[in-house]
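Undergrad: give me coordinates for this.
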Amino acid sequence: MRMPLLLTAKFVTLSLLLDTLLAFPGFPTHSLRADSTVTAPSDSTAVVDSGSAIVLRFGGDVLLAEHYEFGVGDSVSHAFRQLDLLQTADVSMVNLETPVTTRGSRVEKPFNFRMKPRFLRAFTLAGIDIVNIANNHIHDYGPVGLFDTIRHLDSAGILHVGAGRNRKEAHKPVIVEAKGKRIGFLGYYGGGEAPAATRDSAGVARRDLPLIGKDINALRTKDSVDFIVVNLHWGVEKAEEPEPSQVRFARKVVDAGADAIVGHHPHVLQGIECYKSAVIAYSLGNLVFGGNSRSSYDTGLLEIRLEQDTVLYRFNPVRVREWAATELTGAEGDSVIQLVKHRSRMFPKTIFTTEEIR
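TA: Numbering: from 1, shown residues only. Below is the predicted model:
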C-alpha cells in the first residue's frame, strides 16, 4: 500500500487524501482500501491502519532499465499494472537493483545499471513502500548516482534502507507503525562492488554481524519495535541453494534479534527456512529485472501476516511475461510453490512444514 509521505498533515483520512490527489495531478495516485488511515511523520516512520492483520509482502530484484526499457519503452505502468499483491499489502518492499540517475561517472566493473527517475512512478503505482538499496549496483555511477537515488526516492515518497551519504544514514532504519505494532526494516550488502559507508563518506551498510547486531539492538531498545526485517543482498548468482556460510550467518542474525530475513542477488528463487521463531527467505530471485534479456519467468513474493498473537507465512507465486508481472494461481502457481518447497528441503523447518496461509 502506498504511504503518501510527502503530505504534511499528521493524520490524513481517505477523503482528504483523495481531495489532495485530485488537486495535485502530478502526485502518484494509488487505490487505498476504504478503511485505510495513514500518517506521514517526517522521520522515516510511517503509520498504516487498514484492517486487523498486518500484511507485509516482499519481492526480489527490480530494475526498470536496460533490456526492460528496450522492450517496453517509456511506459511506467507496464511492469506492475496486472499485479495487485503489492498494492493490497499494508507494507510492500523490494530490492532496487540500480541507482536512479542520469548523471555520474561509470564505475569500472563488468555490469553497470542506472534507471531513469521517471520509472519510479512504476513503483508508486504498484504500491511499493520501501526499497533496499544496499546492493552491488547502487554505486555503479559513483557517489553522484547514489545521492541522486536518495533524492529521487525521497521526492517520490519511497522509503529506503541500506545506503546513505555516511554511515549514520546507511544504517538508519525505516520504522512503520501499524495497528499498535512497530515494524523496523534494515538493509545490508557485503560484497566488494559498492563501498561501505563511513563516518564521512557515502556507501552501503556493510553486512557485518556486530554492526547488524548493534542496529537490531537499537531498534529493540531505543525505538521499541515489535518486529524486525533484515534485508541481505548476498549469495552466488544462479545458485539454487544458499552456501553453508550464509545459513550460519542468517541464523546468527536471527539469534541477534531479527524476526525475518529477506535475501536477494542470486536472481533465482531459493528455499525459505523457519529458524526459531523467525523466517529466512534466502533469495526471492527477480521480480521485474531488466538487467538481462530474459523477459518471461516465474517468481514470487514472500508474505508475512502479523496476527494478534501469531505470525503466518505464505509464498505468493508471480508470473512475469514480457516484463509484466501478474499473480499466478491454480496448477501453475502450485508448481512454483512446489519448486520453492523442493529448494527448502535442506532445512529442518520451513514455511511449508509449519502453519501457513494457503
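Undergrad: could you give the mean pLDDT of stretch 110-126?
TA: The average pLDDT within stretch 110-126 is 97.
Undergrad: using PDB, write out every CA atom in that stretch.
TA: Output of stretch 110-126 as PDB, limited to C-alpha atoms (Å, rounded to 0.1, in the frame of the first residue of the first chain):
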ATOM      1  CA  PRO A 110      31.500  -5.800 -15.600                       C
ATOM      2  CA  PHE A 111      27.900  -4.600 -15.500                       C
ATOM      3  CA  ASN A 112      26.600  -1.100 -14.800                       C
ATOM      4  CA  PHE A 113      23.000  -0.200 -14.400                       C
ATOM      5  CA  ARG A 114      21.100   3.000 -13.900                       C
ATOM      6  CA  MET A 115      17.400   3.800 -14.100                       C
ATOM      7  CA  LYS A 116      15.700   7.000 -15.200                       C
ATOM      8  CA  PRO A 117      13.900   8.800 -12.400                       C
ATOM      9  CA  ARG A 118      10.600   8.700 -14.300                       C
ATOM     10  CA  PHE A 119      10.300   4.900 -13.800                       C
ATOM     11  CA  LEU A 120       9.900   5.400 -10.000                       C
ATOM     12  CA  ARG A 121       6.300   6.200 -10.800                       C
ATOM     13  CA  ALA A 122       6.000   2.500 -11.600                       C
ATOM     14  CA  PHE A 123       7.000   1.800  -8.000                       C
ATOM     15  CA  THR A 124       4.400   4.200  -6.600                       C
ATOM     16  CA  LEU A 125       1.700   3.000  -8.900                       C
ATOM     17  CA  ALA A 126       2.500  -0.600  -7.800                       C
END
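Undergrad: can you give me the buried ones in that stretch?
TA: For stretch 110-126, burial by neighbour count (16 or more other CB atoms under 10 Å) applies to 112-117, 119-126. Using the backbone N, CA and C atoms, a C-beta is placed for each residue, glycine as well.
Undergrad: again with stretch 211-224
TA: Leu211, Ile212, Gly213, Asp215, Ile216, Leu219.
Undergrad: could you say which helix or strand contains the second one?
TA: With elements taken from DSSP states H and E, the one containing Ile212 is helix 209-221.
Undergrad: tell me what that helix is packed against?
TA: strand 181-189, strand 227-233, helix 244-255 (3 or more CB pairs under 8 Å, 6 or more residues apart in numbering; DSSP states H and E).
Undergrad: which of these sits closest to Leu328?
TA: strand 227-233 (23.9 Å; CB to CB).
Undergrad: and the average pLDDT for the closest one is what?
TA: So the average pLDDT for strand 227-233 ends up being 98.
Undergrad: for stretch 64-82, same thing?
TA: 96.
Undergrad: can you redo the helices and strands packed on helix 209-221 as JSON lines with mean neighbour count and distance to Asn135?
TA: Output for those, formatted as JSON lines (neighbours: other CB atoms under 10 Å; distance: least, CB to CB, whole Å):
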{"stretch": "strand 181-189", "mean neighbour count": "25", "distance to Asn135": "5"}
{"stretch": "strand 227-233", "mean neighbour count": "27", "distance to Asn135": "4"}
{"stretch": "helix 244-255", "mean neighbour count": "16", "distance to Asn135": "16"}
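Undergrad: out of the ones you listed, which comes closest to Ala205?
TA: strand 181-189 (4.9 Å).
Undergrad: need the next SSE after that closest one, C-terminal direction.
TA: Tracing the chain C-terminally past strand 181-189 and defining elements by DSSP H and E, one meets strand 203-204 next.
Undergrad: that following strand: how far from the chain's middle?
TA: In terms of CA atoms, centre = their mean, to the nearest Å, the centre of strand 203-204 is set 17 Å apart from its chain centre.
Undergrad: over to stretch 317-325?
TA: 17 Å.
Undergrad: ok, stretch 327-338 next?
TA: With CA atoms, centre = their mean, you get 22 Å for stretch 327-338.
Undergrad: list the buried residues for it?
TA: Neighbour-count burial for stretch 327-338, counted by 16+ other CB under 10 Å, picks out Leu328, Gly333, Val336, Ile337.
Undergrad: let me know the closest of those residues to Gly271.
TA: For the buried residues of stretch 327-338, the residue nearest Gly271 by CB to CB is Ile337; the value is 12.1 Å.
Undergrad: what about the strands in the stretch 251-358 of the chain?
TA: Along the stretch 251-358 of the chain, the segments classed as strands by DSSP state E, counting those that start in this stretch run 260-264, 272-275, 278-281, 286-289, 297-306, 311-321, 324-327.
Undergrad: quick one: closest of those to Leu146.
TA: strand 260-264 (18.4 Å).
Undergrad: what lines up beside the closest one in the sheet?
TA: Note on strand 260-264: by DSSP bridges, its sheet partners are strand 227-233 (parallel), strand 278-281 (parallel).
Undergrad: and these: which comes nearest His152?
TA: strand 227-233 (19.6 Å).
Undergrad: compute the inter-axis angle for the closest one and helix 244-255.
TA: Computed by axes from the mean of the first three to the mean of the last three CA atoms, to 10 degrees, the angle separating strand 227-233 from helix 244-255 equals 160 degrees.
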